[in-house]
Structure formats: C-alpha cells, structure tokens
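Q: sequence and predicted structure, then a few things I'm wondering about:
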Amino acid sequence: MIPSPDDALCAALTRATCRALEQAEIFLPPDVVRALEAARDRETSGIARGEIENILSNIRMAESLRVPICQDTGVPVIYLTLPPGIPFSGRLYDAVAEGVRLATRTIPLRPNVVDPLTRKNTGDNTGPGMPAVHVRHGERFTVTALPKGAGAENMSRVAMMLPTDTGSVARFVAETMLIAGGKPCPPVVLGVGIGGTFDGAAAAAKEALLDPIDTMTEYERGLLDAVNDLCIGPMGLGGKTTALAVRVKGAGCHTASLPVAVNVQCWACRRATVEVEW
Amino acid sequence: MTRIDLSTPLSHEVLMLRAGDHVTLSGTVYTARDEAHLRMREEGIPFDPHGAAIYHCGPVIHEGRIIAAGPTTSARMNALSGFLLEQGVRALIGKGGMSRQVADQMKGRAVYLAFTGGCAALAASRMTLRRVFFEDLGMAEAVYEIDLDHLPLVVGIDAAGNDLFEGVNRNAQARFKKRFSLSREAVP
C-alpha cells in the first residue's frame, strides 16, 4: 500500500511554502535586479532614469526593512516539484494552503483573494482554487512561489491565431503592451505561451515567468525588440525600456490551431524556490 | 535633476508646475480607491478637501503601521474624480495616468502626480499613519490620513492639460502602426 504524506511532511511543506512566499515578496531575484540596473544605465531621459532609480531604491528599502517589495502582494501561484518517493495526495494541497495562511499572517501579506462575484474577501489569501497549485515531477522536493499582482495580470491576453499567421506573434505581443501602456508597471517581463491548447498556452505563459531573464533566445530577443520599439518606457512615461525580457514556452498544438498567450509581469518579477526539508 | 518641494495644503503653486517636472510632496495625503470614491461621493468627504492631495493607494497596514503603500492604477478612478476636484482637491497621485476628461477637469486647478508603481517600501519609509476613515471598507479600500515626508513624484498631467502619458501613448500607436502595417502585408 502506498503511504499517504505524513504529518511531518505536511508541516515541512507548510513551512517551506511560507518561506518561499516570504523570500519572493521581500527579495527580488538577482537576475531581475541586474536587468533593472542595466536598464537605468541605458536610459537617457531624466524621467525614465528617475523611475528606475525609485524602483532600485525601493528594492533596497524592502530588503533592509524586511517588508514586501510592493503593497500588491498578489495571489499565490505555487509550483510543487515531487521527487520519486513523495506520495501525491490532496493533503499536499492543504499543506500549501496552510503555508499561504501562515505567510499572510506573518510577513504580513495583503488579503487579496475574494469570491469572483460577491467580491467577499476570504481574509487569508486562500479560497476555492486558491492558492493555484501546479504539481510536477522532479529530482528534488521543492516549492516555488510566484506571487502575482493584479495590475500586470489584468493586461494579459490570449488569442487563438490563424495557424498560417506565425509571423504575427510579434504583432500580438507588441499589441498587448500597446494596449497596456503604463498600467502594468513597466519595465515588464513578458511570459509568452505558444501552442498547446487555449488554457495550456496561458499556463505556459505563466510558467515562462519562472525562467531567468539574463538569457534569451534570438526569437525572444526579436519579440523584446518589437515591444521596446514602442518607447512606452518605465511607468508609461516614455523611454527605451518597456520590457526587461520576453521568455517563451512552447507546446505542440492542433494543426488547425495557434494559441498564443501573453502573461504580463510588472518589474517586480517575484519568484523564489525553497527545498522542502523534512 | 532639480526637484521642486511641495507641501500641503496645496494652493496656486500647482498651477506653475509643468508635465515632466520632478517634485517632492510633504504634508498630509488621503488614500482612496474605487470604493472610497463611491462612498465619498454619496456620503461626503470626511476631511477638508481644500488644497488636499488624494493618493490612489490600498496600503498594507499592520498594527497601526504602514508596511507597504505603493500607488494603484489611477485610470479606475477616471469617472469618479470630478467631485473631488470641484471641492478643491489640488493633486491626484497614482500610477499610469488618467483620462482626457480628468485632465480637462484639472485645468486651472489641479495636477496629476505620478509615483513609481510598485515602490511600496520606498513610499512606506516616507509615511506616518495618522487616522483612518471608512474602516468598514476593508484594509485596501479604507481612507487613510497619512503624513508624507518628501515623496518623489513626477508631474504627469499639469494644470494646463499637458499629459505626459497621452504623448507617450500617441507615439507608441504611431510606432506600432509603422512597424506592423508592413509586416502584416508580408504575411500571405
């Protein structure tokens, strides 16, 4: 008989979830900080430089005060990696949710999760389907937190494009930022999902945001160039840096389909991975 | 970079500001988001609006302290800001800019000040919480009276109706059209 996850394992997962959220909310990953510093040095307008200076001093302030980088502490998006030997069960989801509640109380986080129609706040950042938990197999037992704020999430888009129109992916990606303007707090990072199904493209776009932004393929650089050519700039006040990076994740798709999703991420590209120790 | 230091209550000095100026703001600000605007429009403004500054923000408050307080998207308040300006509010602070209608309503009396989105820790480090109104609206939507110490801002829309965001958006539209009207035709 396959054993179910025991109490010690669940408690460890709860603690690790809380730690991953804390790490993500307070400390921006080094590749993102380096990209922001490079963007500041590249900008020539005083307004654009000033905006990125504010961002960099905010990052330092959050670190030294041990407070969240942004007051929109987001909704919890969690990726679990299970190595062989860790039994998969519903208790894992409960343990992650408990970690979210713990993080909400202790960091603290703003309670953002509400019922979609009554808009009643649950008060602890959990609810039906929240946290969003994605489980996959891997070498190590890890939990990754990607807290997602609303300003950038709200500007994200999915399109079922013509399968003959692969050349227009860049147009759709750039158009997404043209519509968004300064609203998603640029300079943004764009996760682009290409292929799969309607929902799969969106999930891939979000997963692409977990990838480091200091390496890009030639295709991704082409998309980045199309976005930065809009000159929307930091905070929509004009400048060279509308996006810091574009990362793409692809999947096979139906011969009659071309699903494309763009998940917009503000400059606070928060992500952290913690190993579950038990 | 020269900065103009402003403090509340604001008066005619805001009329001299030009879009693109760097300023700092000290004194009192009141936070307000969507729900607070609706409540104030229905029940009245719970503070003296003359020369006041409104901050589009839903902060994280913990044990009476401001933990994080960056700006929220101002455009959501586009249709809800006229009554504040009519009653003497001199500055709206937020991120992302506001509509032409609001820019017109601000002409000759008020400015829009842009604060860098997401800079919640930086903002909180320059703030002291004084009191709260409409607490029943919840942490994000309540109105907080806050003391500010030199918050760094950019004039996004001046009192003559010049709008930095509008200019950037127009330029982006033109550049998009130029780049992609050609590529579209190249696709069979």
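A: Now that the structure is in, tell me what you want to look at. Numbers count the residues shown, from 1 in each chain, chains lettered A, B, ... in the order given.

Q: what does B:Asn128 show for phi and psi?
A: One correction, residue B:128 is Thr, not Asn. Backbone torsions of B:Thr128, given as degrees, to the nearest 10, read phi -130, psi 130.

Q: where does it land on pLDDT?
A: If you check B:Thr128, the pLDDT there is 96.

Q: dump the residue contacts of residue 84.
A: Went with chain A since none was named. A:His137 (CB atoms under 8 Å, 6 or more residues apart in numbering or on different chains). In short, each C-beta sits where N, CA and C put it, glycine included.

Q: chain B is the one I meant
A: B:37, B:40, B:45, B:49, B:54, B:92.

Q: again, only using 7 Å
A: B:49, B:54 (CB atoms under 7 Å, 6 or more residues apart in numbering or on different chains).

Q: which strand or helix spans it?
A: helix B:82-86 (DSSP states H and E).

Q: would you mark the buried spots in that helix?
A: B:84-85 (16 or more other CB atoms under 10 Å in any protein chain shown).

Q: ok, stretch A:131-150 next?
A: A:131, A:133, A:141-149.

Q: identify each buried residue in the helix or strand where A:Asn54 lies, please.
A: Element membership for A:Asn54, per DSSP H and E: helix A:46-65. Within helix A:46-65, the residues scored as buried using 16+ other CB under 10 Å are A:47-59, A:61-62.

Q: render the CA-only coordinates of the helix or strand following the helix holding B:Leu84 in PDB, please.
A: Scanning forward in sequence from helix B:82-86 by DSSP H and E, the next helix or strand is strand B:91-94. The C-alpha trace of strand B:91-94 is given here as PDB (Å, rounded to 0.1, in the frame of the first residue of the first chain):
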ATOM      1  CA  ALA B  91      -3.500  66.900  -6.600                       C
ATOM      2  CA  LEU B  92      -4.300  63.300  -7.500                       C
ATOM      3  CA  ILE B  93      -1.400  60.900  -7.000                       C
ATOM      4  CA  GLY B  94      -1.200  57.500  -8.600                       C
END
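
Q: residues in contact with strand B:91-94?
A: Taking CB under 7 Å, 6+ apart as the rule, strand B:91-94 contacts B:10, B:14, B:29, B:53-56, B:71-72, B:74, B:81, B:98, B:110-113, B:115, B:153.

Q: now, of the residues you listed, which are buried?
A: In terms of neighbour count (16+ other CB under 10 Å), the buried residues within the contacts of strand B:91-94 are B:10, B:14, B:29, B:53-56, B:71-72, B:74, B:81, B:98, B:110-113, B:115, B:153.

Q: so what strands line up beside whichever strand or helix holds A:Thr273?
A: A:Thr273 is part of strand A:272-275 when elements are defined by DSSP H and E. Looking at strand A:272-275 with DSSP bridges, its partner strands are strand A:142-145 (antiparallel).

Q: how about the helix or strand following the partner strand and chain B, any contact?
A: Using DSSP H and E, the helix or strand that follows strand A:142-145 in sequence is helix A:150-153. Yes. Applying CB under 7 Å from any CB of the partner chain, one finds helix A:150-153 touching chain B at A:Gly151.

Q: what count of nearby residues applies to A:Gly181?
A: As a burial measure, A:Gly181 scores 22 neighbours (other CB atoms under 10 Å in any protein chain shown).

Q: tell me the contacts of the residue nearest to it when sequence neighbours are not counted?
A: Closest residue to A:Gly181 apart from its sequence neighbours, by CB to CB, 6 or more residues apart in numbering or on different chains: A:Gly236 at 4.8 Å. By CB under 7 Å, 6+ apart, the contact set of A:Gly236 is A:181-182, A:186, B:96-97, B:165, B:168.

Q: could those residues go into CSV alongside secondary structure, distance to A:Ala205 and pLDDT?
A: Shown next, in CSV, are the contacts of A:Gly236 (DSSP: H, G, I helix; E, B strand; the rest coil; distance: CB to CB, whole Å; pLDDT from 0 to 100):
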residue, secondary structure, distance to A:Ala205, pLDDT
A:Gly181, coil, 20, 94
A:Gly182, coil, 21, 93
A:Pro186, coil, 17, 97
B:Gly96, coil, 22, 92
B:Gly97, coil, 26, 94
B:Phe165, helix, 26, 96
B:Val168, helix, 25, 97
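
Q: any chance of the residues you listed in CSV, with distance to A:Val75 too?
A: Shown next, in CSV, are the contacts of A:Gly236 (distance: CB to CB, whole Å):
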residue, distance to A:Val75
A:Gly181, 23
A:Gly182, 22
A:Pro186, 21
B:Gly96, 20
B:Gly97, 25
B:Phe165, 27
B:Val168, 29
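
Q: of the residues you listed - the most surrounded one?
A: A:Pro186 (31 neighbours).

Q: residues in contact with stretch B:166-180?
A: Stretch B:166-180 has contacts (CB under 7 Å, 6+ apart) with A:171, A:174-175, A:178, A:181, A:226, A:229-233, A:236-238.

Q: now the helices for the stretch 51-200 of chain A?
A: Counting by DSSP state H, counting those that start in this stretch, one finds helices in the stretch 51-200 of chain A at the ranges A:90-106, A:150-153, A:169-180, A:198-208.

Q: what does chain B give?
A: Secondary structure of chain B, counting by DSSP state H: helices at B:34-43, B:82-86, B:100-106, B:120-124, B:164-186.

Q: deepest-packed of these, please.
A: Highest mean neighbour count of the helices of chain B: helix B:120-124, a mean of 28 (counted as mean count of other CB atoms under 10 Å in any protein chain shown).

Q: would you pull up the residue in the stretch 151-278 of chain A closest to chain B?
A: A:Cys185 (3.6 Å; CB to the nearest CB).

Q: and that residue, what pLDDT?
A: In this model, A:Cys185 is scored at 96, pLDDT.

Q: can I assume A:Asp41 sits in a helix?
A: Yes. Counting by DSSP: H, G, I helix; E, B strand; the rest coil, A:Asp41 is found in a helix.

Q: can you tell me how far it sits from chain B?
A: A:Asp41 sits 16 Å away from chain B, going by CB to the nearest CB, to the nearest Å.

Q: residues near that residue, how many?
A: 9.

Q: try A:Thr176
A: Under the criterion other CB under 10 Å, the count of neighbours that A:Thr176 has is 23.

Q: now it, nearest residue through space, not along the chain?
A: In space, and not counting its chain neighbours, A:Thr176 is closest to A:Val262: 4.5 Å by CB to CB, 6+ apart.

Q: fine by me, thanks again.
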